[in-house]
Each structure stands twice: as structure tokens, then as C-alpha cells.
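A.B. asks: what follows is a predicted protein model with its sequence.
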Amino acid sequence: MPTTQYVVGLDIASEQVTAAIGAVPWRLRVRGTTFANTAEGFQALREWLARHGCTPNNSMLCMEATGVYGEALAYDLTLHRYRVAVEPPLKVKRAFASSSHKTDAVDSEQIAEYACRFLDELRRWQPRPEVLEQLRVLLSTREQLIEQRTAHSNTLTALRRKAVRTPLAEQVHQHLRDQLRQQIKAVETEIRKLIDQDPDWKQLFILLLTIPGVGWLVATNFLVLTEFATRLLAHKQLAAHLGICPYQRTSGKSLRRRATSRHYGPPQPRRVLHLAARSVCTHSPAFQAYYQRKLDEGKPKMLVLNNVANKLVNLICAVLRSQCPYDPDYRSVHPTLLSAS
């Protein structure tokens, strides 16, 4: 395990990168220095790090998650074997008082200090596989196209109900709606093509399709969400990440609320999971019986659907871990019963 002697804070902007170097234990060694957010700037940054004794083996570089602004730099540094951590901006912000100055240099120095203070908690960033990144983009593109198609379809329906018709406006919206339908089909075809090209992806994809309520869209979203088993989460962790895990809300004598989920999470997989839960409650006899039984007990409808969504996440994680198809006749046995026999 490399010993970390230096921490480097990187403040990312659209056109420039500001870097500051600190020593472990914390001591500011080099104040913030600015480089261009380009390939030439990345090379100058690496040369600057080398001049100050920061090598891939003795330094940890930390940046805030800024989307596409910092993506190229993270790829470049990782390619040159530097250890890089990408942290949530809110987490870094909460580590410092809000009364300090706000400049790129100060931000880079605070990020370096944050990296030193939380060095044992930093998680090394790794680039996603190319196919995974393409699937993420295609799923997002499909979602955007569907929203646009729905908007044009709703507008067209409203225009056709008006007393005074406008043929040109109706023609424009209908043409755009038809074009979007074609583009959505093209995106879906490309998604299936990417999955079919990789035997491992295809195998897991087929296994997920054996689960009731899991179609190609749910399967693809969860393969991307779990990053192709490279950081496969346990059921409860994944449910918490999706925002469907209920948390207790009790404290002392005054706070007495029923357990509830946080009601937000990654919108795309969360949405398709909710639709899958509705589907199995309608078409799967086992889930349908569970759904009706809970309703008869007086449970709210959305609470029962949330429970079903948790059950589906549990099945998805089990299938991905075991790499075995879903068995409707499987029954779990408590370990104490096995030891007794």
C-alpha cells in the first residue's frame, strides 16, 4: 500500500484548474496555482507536481464532483497512475466554516486540507468501462427523448380539441413526435446492441430478465447502477441509494414518527423500479396476493408498492451475486435449522 506524504487539492472550473499541495500531517506546502483545463494544462500540472516531489506513489489528489468539467482531468491523472478521489462538493463545504474567503486558490487549499483530514475515508476513483459509460448516456438520452415526445403528444392532443384549429401547428407537433419515436427506437436498438456485444453483460442481462417484472429497461438500468458488479451493493445499501429504504424517525419523547424513506434518489432507475413494482402487483400471482393482503390490513397503497420495490431490489441483488436465474420455488432456510439437522 503506497504511503501518502502529500495531498493535492484540485478546484475545477470550466476553463481552468487550480491546484494546491499539502503535506501529511497537514501543512500547506504550495499555495493554489492555476492551469488550463486542457490537455496541455494537464501536462503542465503533472510537470508541476513532479517538481514539487508529488509522485503517483506518495500523493493523493482530491477534487470535487463537477461533472464533465473535471472528467477529462480525472481520466488523464488516472492514466498516469495518480491516485484520484472525487468527493461530493457539499461534503467538502460542510467540513469548513463559511466565513472564509471564496476564491479558486482558497478552495483548492481547503480541498487539500479536507483530503488530509479524511484521508482514511477517501475512495479511489476509477474510470468506468467504456460500454458502461455509453449505456449511461444512451439511457439518459432515451429519457430526454421520451419527455420531449410526451410534451409534443400532449400539445398535439390539446390543439386538436381547440375550437379554432391550426393545421400547421398540428403538423409540426405530429412530425416532431414521429421523429422522436424513430430516435427512441434507434437508441433502444443501440442499447441492446451494446449489451449483446459483451458476453458477460449479456449473461447477467438474461439472468435479470428471469425475475418477474424485470424487463430490458429495468435490467439495463440496474446493470449500469451496480457498475457491472465492480462495486455491487448489498440489498439494503442499494435500496438506501435509490431512496426506497424506510428509516426510523424517533428521538427522545417528542419525536414519534413512523418510518419513511427519503422520497428521492437516482430518478431514472427509481422510476422504472416503481413501474416494475406496479406491474408485478398486477400480473404476478405471488406479488398480487402480497399486495392485496397488505391493502386489506390497511396499509397505504404507496407503502405497499415501496415494499414490493424493495423485494425486487433484493431479488436483483441476489441474482447478480449468485449469477443464477430466478427460481420461483426457492425457499430460504434459517441457518439455525440447518445446524439442528
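C.D. replies: Sure thing, it's come through. None of the values given here were measured: they were computed from a predicted structure. Numbering: from 1, shown residues only.
A.B. asks: could you say which helix or strand contains Ala240?
C.D. replies: Taking DSSP states H and E as the criterion, Ala240 maps to helix 235-242.
A.B. asks: right, I mislabeled it, should have said Val7
C.D. replies: Following DSSP H and E, one finds Val7 within strand 6-12.
A.B. asks: pairing partners for that strand, with directions?
C.D. replies: When pairing is defined by DSSP bridges, strand 6-12 lines up against strand 16-23 (antiparallel), strand 59-64 (parallel).
A.B. asks: ranges for the strands of the protein?
C.D. replies: In the chain, the strands defined using DSSP state E lie at 6-12, 16-23, 27-36, 59-64, 83-87, 247-251, 255-260.
A.B. asks: give me the contacts around the longest one.
C.D. replies: Outside strand 27-36, the residues that touch it by C-beta atoms under 8 Å, 6 or more residues apart in numbering are 6, 9, 11, 15-23, 41-42, 44-45, 48, 52, 103-109, 112-113. C-beta: built from backbone N, CA, C; applies to glycine.
A.B. asks: sorry, back to before: from the strands paired with strand 6-12, which stretch is densest packed?
C.D. replies: Most buried of the strands paired with strand 6-12 by mean neighbour count (mean count of other C-beta atoms under 10 Å) is strand 59-64; its value is a mean of 25.
A.B. asks: that older thread, please save the CA atoms from the strand holding Val7 in CSV.
C.D. replies: Provided in CSV are the C-alpha atoms of strand 6-12 (Å, rounded to 0.1, in the frame of the first residue of the first chain):
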residue,chain,number,x,y,z
TYR,A,6,1.3,14.8,0.1
VAL,A,7,-2.3,15.7,-0.7
VAL,A,8,-3.2,17.8,-3.7
GLY,A,9,-6.5,19.8,-3.8
LEU,A,10,-7.9,20.5,-7.2
ASP,A,11,-10.5,23.1,-7.8
ILE,A,12,-12.1,22.6,-11.2
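A.B. asks: number the chain from 46, please
C.D. replies: Let's use 46 as the start, then, which means that last one is strand 51-57.
A.B. asks: quick one: contacts of it?
C.D. replies: Outside strand 51-57, the residues within contact range by C-beta under 8 Å, 6+ apart are 62-69, 74, 77, 82, 94, 97-99, 103-109, 111, 114-115, 118, 149-150, 152-161, 164.
A.B. asks: please repeat the previous calculation with a cut-off of 6 Å.
C.D. replies: Residues from elsewhere that reach strand 51-57 (C-beta atoms under 6 Å, 6 or more residues apart in numbering): 62-68, 99, 104-108, 111, 114-115, 149, 152-153, 156-157, 160-161.
A.B. asks: got it, and stretch 333-352?
C.D. replies: Here stretch 333-352 has contacts from 289, 322, 326, using C-beta under 6 Å, 6+ apart.
A.B. asks: report the buried residues of that stretch.
C.D. replies: Using 16 or more other C-beta atoms under 10 Å as the test for burial, stretch 333-352 gives 335-336, 339, 348-352.
A.B. asks: pretty sure Arg294 is touching Arg307, no?
C.D. replies: No. Judged on C-beta atoms under 6 Å, Arg294 makes no contact with Arg307 at a distance of 11.0 Å.
A.B. asks: tell me where the stretch 46-195 of the chain has helices.
C.D. replies: With DSSP state H, counting those that start in this stretch, the ranges of helices along the stretch 46-195 of the chain come out as 84-96, 113-124, 134-138, 149-162, 175-205.
A.B. asks: of those helices, flag the one that's most buried.
C.D. replies: Neighbour counts (mean count of other C-beta under 10 Å) averaged over each of the helices of the stretch 46-195 of the chain peak at helix 149-162, with a mean of 23.
A.B. asks: strand 72-81 and that helix, what's the angle between them?
C.D. replies: Here helix 149-162 runs at an angle of 130 degrees relative to strand 72-81 (axes from the mean of the first three to the mean of the last three C-alpha atoms, to 10 degrees).
A.B. asks: so what touches helix 149-162?
C.D. replies: Outside helix 149-162, the residues that touch it by C-beta under 6 Å, 6+ apart are 52, 54, 56, 63-65, 67, 69, 71, 77, 105, 107, 137, 140-141.
A.B. asks: what are the phi and psi values for Ala58?
C.D. replies: Per-residue torsions, Ala58: phi -130, psi 170 (degrees, to the nearest 10).
A.B. asks: from Glu85, how far out is it?
C.D. replies: From Ala58 across to Glu85, the span is 16 Å (C-beta to C-beta, to the nearest Å).
A.B. asks: got it, and Arg96?
C.D. replies: Using C-beta to C-beta, one gets 17 Å for the distance from Arg96 to Glu85.
A.B. asks: okay, helices next: where are they in the stretch 196-345 of the chain?
C.D. replies: Taking DSSP H, counting those that start in this stretch as the criterion, the stretch 196-345 of the chain carries its helices at 212-242, 244-253, 261-270, 280-287, 312-328, 330-341.
A.B. asks: could you list every helix and strand that the helix holding Ala285 packs against?
C.D. replies: Applying 3 or more C-beta pairs under 6 Å, 6 or more residues apart in numbering; DSSP states H and E, we find helix 280-287 packed against helix 346-367.
A.B. asks: right, I'll call it a day here.
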